[in-house]
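K.L.:
model the structure of this input:
(one chain, ligands or ions: 1)
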Amino acid sequence: MNRRLLNPDTASDLEVRRILDDPKISGFTMIAGAGSGKTTSLVKALDHVIATRGKKFLANRQQVACVTYTEIAKQEIEGDLAHNPIAHVATIHSFLWTLIEPFQLDIRLWVQEYGAERLAQLESELAGLSSRVGPKRRAELSRSIARLRNGLARVDTVTRFRYGVARSYGEGIVGHDDILRMVPELIVRKPLFTRVVSRRFPLVFVDESQDTFERFVRCLRHVAIEERDHFCLGFFGDPMQKIYMQGVGDIAREDDWEDVQKPENFRSPLRILDVINGIRVDGDNLVQVSGLPREKQREGEVTYFVFPADDRRMERLERARVWLAANSGIGAWQPLDGADSTKILVITHRMAARRLGFENLYDAFHGSRLSDDFDEGRAWPLRPFVGTILPLAEAARSNRAALLPMLRRTCPILQPEALVGTSTHETLKTISKGLDEVLGVLNTGGPDSIRRALNVSREYGLIELDDRLAPFLIADEAPGSSEESDSLDRAINAMMKCDVTELNGYWSYIGQQSPYSTHQGVKGAEYKDVLVVLDDEEGRHFQFSYDKLFGLRPLSPAERARQSAGEDTTIDRTRRLLYVCASRATEALAIVLIADDVDAAITALNDFTATRPAAIVTAEVVDAWSAAETDR
Ligand SMILES: Nc1ncnc2c1ncn2[C@@H]1O[C@H](COP(=O)(O)OP(=O)(O)OP(=O)(O)O)[C@@H](O)[C@H]1O
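P.N.:
Model prediction:
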């Protein structure tokens, strides 16, 4: 049963329905604060289209499209709609790929044209390098040129183009960045594609519009203008929740587009609502009121901590959690149905990696071009573990019934063609022995055990190994050992040397099983109790600084100039990030500020909470309380 559809309609939901039923309106925006129910209204809008036009869409092979920012958001919305096939819910890249995939010839032509352009760019960059540029950069550029030239030479032999994370034209793989460039370009340039969008998807809704790429917004706007009578475009977003640099932020409305207002907040209890309104005061000053009837409104709870930036911050964080559970006036911070309901938000994945014991693995990938992929659990060198070995190990330990179906799907020696002329009994015996050995490696770990686990899995035919990993399987001969090696080779070699037990923490982290998430990773979600850690040093994040937001560190002269020019600064970006984090809690919120100068931080927090006084708990209080508890 879906959850969002059960919420009562608001005036904005009725307004959206009126717009959707009016063929003269080709677009609308619903720009509103956190917890105002934008996604709920979006789901209701999809449901309305399904109810009113579903039959016609089915007959015409049309769908209503809903474009989400993350895979998790996509799954949630699909669940809300009971996976109704009339709604095509997809992330931006996958939506764009759906549009272009049938047009293989256009993809080929685009790849050839863009590839040649890119090649010329790289060649001119290499030729123009000054004599001060070192051999490493030269070698990297030469390699990229050789790879691209080689790929372009083989494009003619590609029978079908596929979509992958990193481009490899010779293999027929168009990359993530290519899709985002190619499809909007074709939609704007070729009337055929403009029509394809409106005929296939007469309505397109975009969730989290503030973080949507400008190019994508531009091409949809083009469709809405050109196909005015056959198309309707709806944007749902909040500029105050823009946390990615490439996001478009505000959406300008065309003349015939409507603006749907949504002034309420249905998520935050009153004290937390005060905090998020307070964060927004220096932004766009939007003030929300609770949308719930008075009898359903709750007070909630907000606690601030200020801890010194020393090497005991992790220990104190743990103590703060225990302190909160013991001292909450509303019974917050308790496990829910036996599971930990607290979400701890950290600025970078490094802090979670340290806490969950996968810091070496983290370091292996950070500094390579796969660092984002690693953070999001999709770095290809780890695919054998994430996709096969770890799920197999989990099934072998706790759900043996799931083992065989999994093996049938993933194990190369169990594939029908491999079984021809072999004894299934012997094959299963080999697999069972292999599994025991891999489990042995996974349990004992030790240096180089990622490499060992891969070797064993390959030896027993448990996995189909990516060719690119093969050179790294023999420790002494692995590429990437010297400083001069390619950063990816170095990353893979460092990964191979890691202890395989580090994957346990990583696995629970990317599967959202751990209480940790990054500040950026919780957009759109909600949790009962949220603890936000504001720690610049842990983050070492150049885009955000809580010290600067709270006036504990001055802006650089360049940033001051940007501020005077009315441009986006670290302070604006950090304010938006804090707004996103603080607005996730449905019951209790704790903000932990880690500062070099604790007294200055307390003064800054006092200023911040001036109109809504709140307790500020210091390290001394938490330490003394903890010591007293231990003595008890
Ligand atoms: N009309 C309503 N009545 C009661 N509760 C509602 C209503 N609309 C939404 N909610 C609840 O409010 C919470 C926030 O809703 P939703 O996630 O749709 O908001 P949002 O604006 O998309 O949030 P955000 O931008 O902060 O991610 C959810 O728990 C949802 O169930």
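K.L.:
could you give the separation of stretch 60-76 from the chain centroid?
P.N.:
16 Å (Cα atoms, centre = their mean, to the nearest Å).
K.L.:
which residues touch that stretch?
P.N.:
Residues from elsewhere that reach stretch 60-76 (Cβ atoms under 8 Å, 6 or more residues apart in numbering): 39, 42, 46, 49-50, 53, 56-57, 77, 85-92, 95, 199-208, 211-212, 512, 523-525. The way it works is simple: take the backbone N, C-alpha and C, and place the C-beta from them, glycine included.
K.L.:
now the protein, which segments are flagged as low pLDDT?
P.N.:
Scanning the chain with the threshold set as pLDDT under 70 gives 1-2, 136, 165-166, 337-339, 480-485, 538-541.
K.L.:
OK, contacts around A453?
P.N.:
Counting by Cβ under 8 Å, 6+ apart, A453 touches F385, I389, V438, V441, L442, V500.
K.L.:
what's the helix or strand for it?
P.N.:
Take DSSP states H and E as the rule and A453 turns out to sit in helix 449-459.
K.L.:
straight-line length of stretch 517-534, end to end?
P.N.:
One end of stretch 517-534 to the other measures 13 Å (Cα to Cα, to the nearest Å).
K.L.:
if we can go back for a sec, between all of the contacts of A453, which two are separated the most?
P.N.:
F385 and V441 (11.5 Å; Cβ to Cβ).
K.L.:
give me the helices and strands touching whichever helix or strand comes after the helix holding A453, please.
P.N.:
Downstream of helix 449-459, the next assigned helix or strand under DSSP H and E is helix 487-497. Contact here means 3 or more Cβ pairs under 8 Å, 6 or more residues apart in numbering; DSSP states H and E; on that basis helix 487-497 packs against helix 359-365, helix 449-459.
K.L.:
next, the buried residues of the helix or strand just after helix 487-497.
P.N.:
For helix 487-497, the following helix or strand on the C-terminal side (DSSP H and E) is helix 502-510. Within helix 502-510, the residues scored as buried using 16 or more other Cβ atoms under 10 Å are E502, L503, N504, G505, Y506, W507, Y509, I510.
K.L.:
need the residues that contact helix 502-510.
P.N.:
So helix 502-510 is in contact with 349, 352-353, 356-361, 376-377, 382, 385-386, 390, 442, 450, 513-514, 516, going by Cβ under 8 Å, 6+ apart.
K.L.:
what strands flank the next helix or strand after it, and is each parallel or antiparallel?
P.N.:
Where DSSP H and E defines the elements, the next helix or strand beyond helix 502-510 is strand 516-518. Each strand paired with strand 516-518, and its direction, by DSSP bridges: strand 342-346 (parallel).
K.L.:
and the partner strand, does that touch the ligand?
P.N.:
No. Using Cβ under 6 Å from any ligand atom, strand 342-346 stays clear of the ligand, coming no nearer than 13.9 Å.
K.L.:
begin at 270, not 1, for the rest of this chat.
P.N.:
Understood, numbering begins at 270; the last thing we discussed is strand 611-615.
K.L.:
the ligand contacts on this structure?
P.N.:
Counting by Cβ under 6 Å from any ligand atom, the chain comes close to the ligand at 273, 276-277, 279, 303-309, 507, 510, 535-536, 793, 795, 852.
K.L.:
rerun at 8 Å
P.N.:
Residues of the chain found near the ligand (Cβ under 8 Å from any ligand atom) are 272-273, 276-279, 282, 301-312, 476-477, 505-507, 510, 531, 533-536, 560-561, 792-795, 849, 852-853, 855.
K.L.:
can you list contacts of the helix or strand containing Y383?
P.N.:
Using DSSP H and E, Y383 sits within helix 373-396. The contact list for helix 373-396, computed with Cβ under 8 Å, 6+ apart, reads 369-370, 407, 410-411, 413-414, 417-418, 420-421, 424, 427, 429-430, 438, 443, 447, 450-451, 454-455, 459.
K.L.:
which residues touch the residue in the stretch 720-869 of the chain positioned nearest to the ligand?
P.N.:
Using Cβ to the nearest ligand atom, the single residue of the stretch 720-869 of the chain nearest to the ligand is G793, 4.4 Å away. Applying Cβ under 8 Å, 6+ apart to G793 gives the contacts T308, Y338, T339, I341, A342, D476, E477.
K.L.:
now it: phi and psi?
P.N.:
phi 90, psi -10 (degrees, to the nearest 10).
K.L.:
packing partners of the helix or strand that R588 is a member of?
P.N.:
Using DSSP H and E, R588 sits within helix 582-596. Contacts defined by 3+ Cβ pairs under 8 Å, 6+ apart place helix 582-596 against strand 570-577, strand 611-615, strand 796-803, strand 854-864, helix 888-900.
K.L.:
just the CA coordinates for the shortest one, please, in PDB.
P.N.:
What it means is strand 611-615. In PDB, the C-alpha atoms belonging to strand 611-615 read as follows (Å, rounded to 0.1, in the frame of the first residue of the first chain):
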ATOM      1  CA  THR A 611      19.200   7.500  14.300                       C
ATOM      2  CA  LYS A 612      20.800   9.000  11.200                       C
ATOM      3  CA  ILE A 613      24.200  10.500  11.600                       C
ATOM      4  CA  LEU A 614      25.000  12.900   8.900                       C
ATOM      5  CA  VAL A 615      28.700  13.600   8.100                       C
END
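K.L.:
picking up where we left off before, export the contacts of A722 to JSON lines and append columns for neighbour count.
P.N.:
As requested, these are exported to JSON lines (neighbours: other Cβ atoms under 10 Å):
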{"residue": "F654", "neighbour count": "23"}
{"residue": "I658", "neighbour count": "27"}
{"residue": "V707", "neighbour count": "25"}
{"residue": "V710", "neighbour count": "22"}
{"residue": "L711", "neighbour count": "24"}
{"residue": "V769", "neighbour count": "26"}
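K.L.:
Y815 against I860, yeah?
P.N.:
No. Y815 lies out of contact with I860 (Cβ atoms under 8 Å); the separation is 9.6 Å.
K.L.:
determine the residues that are contacts of both of these two.
P.N.:
L803.
K.L.:
more crowded one of those two?
P.N.:
Between Y815 and I860, Y815 has the larger neighbour count (other Cβ atoms under 10 Å), namely 28 against 25.
K.L.:
which secondary structure state is assigned to R677?
P.N.:
What DSSP: H, G, I helix; E, B strand; the rest coil gives for R677 is helix.
K.L.:
tell me, how many residues neighbour it?
P.N.:
With other Cβ under 10 Å as criterion, R677 counts 11.
K.L.:
who touches it in this structure?
P.N.:
L683.
K.L.:
try it again with 10 Å
P.N.:
By Cβ atoms under 10 Å, 6 or more residues apart in numbering, R677 lies in contact with L683, Q684, P685.
K.L.:
return the subset of those lying in helices.
P.N.:
When the contacts of R677 are checked against helices (DSSP state H), the matches are P685.
K.L.:
filter the contacts of R677 down to the buried ones and hand me the PyMOL line.
P.N.:
In PyMOL, this line selects whichever of these come out buried by 16+ other Cβ under 10 Å:
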select buried, resi 683
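K.L.:
format the contacts of R677 as TSV; extra columns: distance to L731.
P.N.:
TSV is the format used below for the contacts of R677 (distance: Cβ to Cβ, whole Å):
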residue	distance to L731
L683	9
Q684	12
P685	17
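K.L.:
re earlier: which among the contacts of stretch 329-345 end up buried?
P.N.:
308, 311, 315, 318-319, 322, 326, 346, 355-361, 364, 469-477, 480-481, 792-794.
K.L.:
of these, which belong to strands?
P.N.:
Here DSSP state E is the test, and the buried ones among the contacts of stretch 329-345 give A356, H357, V358, A359, T360, L472, V473, F474, V475 as lying in strands.
K.L.:
now compare the residues you listed and name the two farthest from each other.
P.N.:
Greatest spatial distance in these: T360 and L472, 17.8 Å, computed using Cβ to Cβ.
K.L.:
contact partners for the residue nearest to P650 when sequence neighbours are not counted?
P.N.:
For P650, ignoring the flanking residues on the chain, the nearest one in space by Cβ to Cβ, 6 or more residues apart in numbering is I761 at 5.0 Å. Contact analysis of I761 by Cβ under 10 Å, 6+ apart lists 633-634, 637, 639, 648-651, 719, 737-738, 740-741, 747-749, 754-755.
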